[in-house]
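>>> below: sequence and its predicted model.
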Amino acid sequence: MATLKDIGLSAAINILSAFVFLVAFAILRLQPFNDRVYFPKWYLKGLRNSPRHAGAAVRKFVNLDYRSYVRFLNWMPAAMKMPEPELIDHAGLDSAVYLRIYFLGLKIFVPIAVLAFAVLVPVNWTNNYLEELYRGNPKLTYSDIDKLSISNIPSESHRFWAHLMMAYAITFWTCYILYKEYELIATMRLHFLASEQRRPDQFTVLVRNVPPDPDEPVSELVEHFFLVNHPDNYLTHQVVHNANTLASMIKKKKKLRNRLDYYELKYSRNQSKRPTTKTGFLGLWGEKVDAIEFYTVEIDKMSNEIEKERERTTNNPKSIMPAAFVSFKTRWGAAVCAQTQQTRNPTIWLTEWAPEPRDVYWQNLAIPFVSLTIRKLIMFVAFFFLTFFFMIPIAFVQSLANIEGIEKAAPFLKPVIELSFIKSFIQGFLPGIALKIFLIVLPAILMLMSKIEGYTAISSLERRSASRYYFFLLINVFLGSIIIGAAFEQLDTFLNLSANDIPKTIGVAIPMKATFFITYIMVDGWAGVAGEILRLKPLIIFHLKNSFLVRTERDREEAMDPGSLGFNEGEPQIQLYFLLGLVYAVVTPILLPFIVVFFGLAFLVYRHQMCMRVL
């Protein structure tokens, strides 16, 4: 069980890690060769060019201006300067609303933390129930942190009035802030929609499971169906084609065009010598020819093949998929069609709002209705077993927080574990980092499961994945850690107590798991959020591509990955922290400052990311 000393060591490690990440970012962002990694949005908008420095070649890679290092933390106030309307224009309404969730956490938990420390902490600390309980049952374990929690208050104590009144006050304050925030966001959304230009997807419906008809092709069938059922509002339609071959040919032409650009650039720099290449694989063998002429001819050939393939795809009935995008004259007509059943058979002519073109997940447009149902059933069963079997690593993580359990499983480690620093490290830091590691691959697995289910929009995939991720965190990280952790810490007590006394002991033990969640918040919410701003993975990938794959400016733009904030991973994380804060606000208020630091740091980091990156 973690003590104040263990929590202090964990806090020192995570604060130091966060500080190192922030300082490393502040220095790396000043280097010219990292400019495209940390300012991708400005390059995509054409508002920034690669830094150019005259003089020594080293200045192209390293910033030698010492004055910029004096102001290396100026990105923090700069991230806060952009007004919210400008942020909406710059990054979109979704980004601004997502950012407001972190600010909402500050508005909710800062007053709650102040009130809880003024009222509940003195009420809990000045009691001595745990000491008396320990004298009567030495096998019961607790720490100084538990004396700050509700565990230190005996049942039927008059001090519970303070906790009861605080629970009502916290509930009222949370509901009030949520109401005001929802009101503000609704106003922002209406204003955004009113000021936005009309888009085709606002008038378009996606139709799937178009039934086959031996007498009519899919295109004519769709047109006749909507002319009959929506004669006053139907405008036009576009059937979906299987154009995988065409897409691969266009991709190949793009690569050829890129190679031609490279050789033209090479020739423009040295016109005394025409560049050459070999006609074999990747130019490694074959006949040696003029590179510019060779790729010009190859591009012309590919363009002709693309036109032929486009005609073949358009005219081939087998390439037409049983899905179409149907456009209407009015938004009202599209809304009626998207939200109503079109025929008596609910498995055909399925309609829904069409995603915008960038949001369409094309691979799932032609999945039959029966297949969709089977896929969802299989993924439900798979998710159940994934959630159930993840209890095994959760039990392992909780065993790390229990020194006695480790010593029993591995007695030879006892001399090492009992060292003060090692013991504090294991109980205060290791459980949080171990749980973080186990959760790294989970979002990718849940996103794959959502794709298999058959959702047709990327945003729908992210929402489905996010909802599952939160449910997973609720069952395994929250409830699983509490139940399994309590069993580990009070196992001897459970074995020697009657069945009637076990719930009472669990009730005392549950608030004690606040120490585990504190360590998890520091690892995931402090060091993890600070590490997000460093963008270590995109930084490494960009420089690897820039060193070995980049030949032209187009290559460099493709290597420059703006990335996203990962809604399917970030939003469940926020919900978990809201859950922890509201559950433990009355039970163990010592957890609240750690929640407040998370929301404050995340608000600063992600505001900067939204200014520089694309969602």
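It's in.

>>> next SSE after the strand or helix carrying Ile108?
Under the criterion of DSSP states H and E, Ile108 resides in helix 93-125. Following helix 93-125 in sequence order, the next helix or strand is helix 129-136 (DSSP H and E).

>>> could you say what helices and strands that next one packs with?
Applying 3 or more C-beta pairs under 8 Å, 6 or more residues apart in numbering; DSSP states H and E, one finds that helix 129-136 contacts no other helix or strand. In this view, the C-beta of every residue, glycine as well, is placed from N, C-alpha and C.

>>> mind checking the pLDDT average for the helix holding Ile108?
The average of the pLDDT scores along helix 93-125 is 93.

>>> what's the angle from it to helix 129-136?
Here helix 93-125 runs at an angle of 60 degrees relative to helix 129-136 (axes from the mean of the first three to the mean of the last three C-alpha atoms, to 10 degrees).

>>> neighbours around Phe599, how many?
Using other C-beta atoms under 10 Å, Phe599 has 25 other residues around it.

>>> secondary structure class for it?
helix (DSSP: H, G, I helix; E, B strand; the rest coil).

>>> can you pull the pLDDT of it?
Note for Phe599: predicted pLDDT of 95.

>>> return the residues in contact with Glu287.
Lys278, Thr279 (C-beta atoms under 8 Å, 6 or more residues apart in numbering).

>>> measure it to Gly280 for me?
To Gly280, Glu287 is 8 Å away according to C-beta to C-beta, to the nearest Å.

>>> how deep is Leu430 tucked in, by neighbour count?
17.

>>> coming back round to it: in the helix holding Ile108, what's buried?
Neighbour-count burial for helix 93-125 flags 93, 95-102, 104-110, 112-113, 115-116, 119-121, 123-124 (criterion: 16 or more other C-beta atoms under 10 Å).

>>> so where's the stretch 251-400 of the chain uncertain?
281-284, 396-400 (pLDDT under 70).

>>> what do you get for the stretch 51-200 of the chain?
51-61, 66, 72, 134, 138-142.

>>> for Ala559, which non-adjacent residue is closest in space?
Counting by C-beta to C-beta, 6 or more residues apart in numbering, Ala559 lies nearest to Lys545, which is 3.9 Å off, once chain neighbours are set aside.

>>> ok, and what's touching stretch 322-330?
Surrounding stretch 322-330, the residues in contact under the criterion C-beta under 8 Å, 6+ apart are 200, 203-212, 218-219, 222, 226, 230, 232-240, 334, 337, 354, 365-366.

>>> also stretch 371-379?
Residues outside stretch 371-379 that contact it (C-beta under 8 Å, 6+ apart): Ile367, Met449, Ser450, Ile452, Glu453, Gly454.

>>> other SSEs contacting the helix or strand harbouring Leu580?
Per DSSP H and E, Leu580 falls inside helix 567-587. For helix 567-587, the packing partners by 3+ C-beta pairs under 8 Å, 6+ apart come out as helix 93-125, helix 160-195, helix 442-453, helix 458-472, helix 514-520, helix 592-612.

>>> can we see that at 7 Å?
Helices and strands touching helix 567-587, by 3 or more C-beta pairs under 7 Å, 6 or more residues apart in numbering; DSSP states H and E, are helix 93-125, helix 160-195, helix 442-453, helix 458-472, helix 592-612.

>>> how far off centre is that helix?
14 Å (C-alpha atoms, centre = their mean, to the nearest Å).

>>> and that helix with helix 442-453, angle?
120 degrees.

>>> and helix 567-587 with helix 160-195, angle?
Using the same axes, to 10 degrees: helix 567-587 against helix 160-195 is 150 degrees.

>>> what does helix 567-587 contact?
With C-beta atoms under 7 Å, 6 or more residues apart in numbering as the test, helix 567-587 has contacts from 101, 105, 109, 112, 116, 120, 149-150, 163, 166-167, 170, 174, 443, 447, 462, 465-466, 469-470, 473, 477-478, 511, 514, 517, 525, 591-592, 595, 598.

>>> about what we covered before: what residues sit buried inside the helix or strand where the residue nearest to Ala559 lies?
Lys545 belongs to helix 536-548 when assigned by DSSP H and E. Neighbour-count burial for helix 536-548, counted by 16+ other C-beta under 10 Å, picks out Pro538, Leu539, Phe542, Lys545, Asn546.
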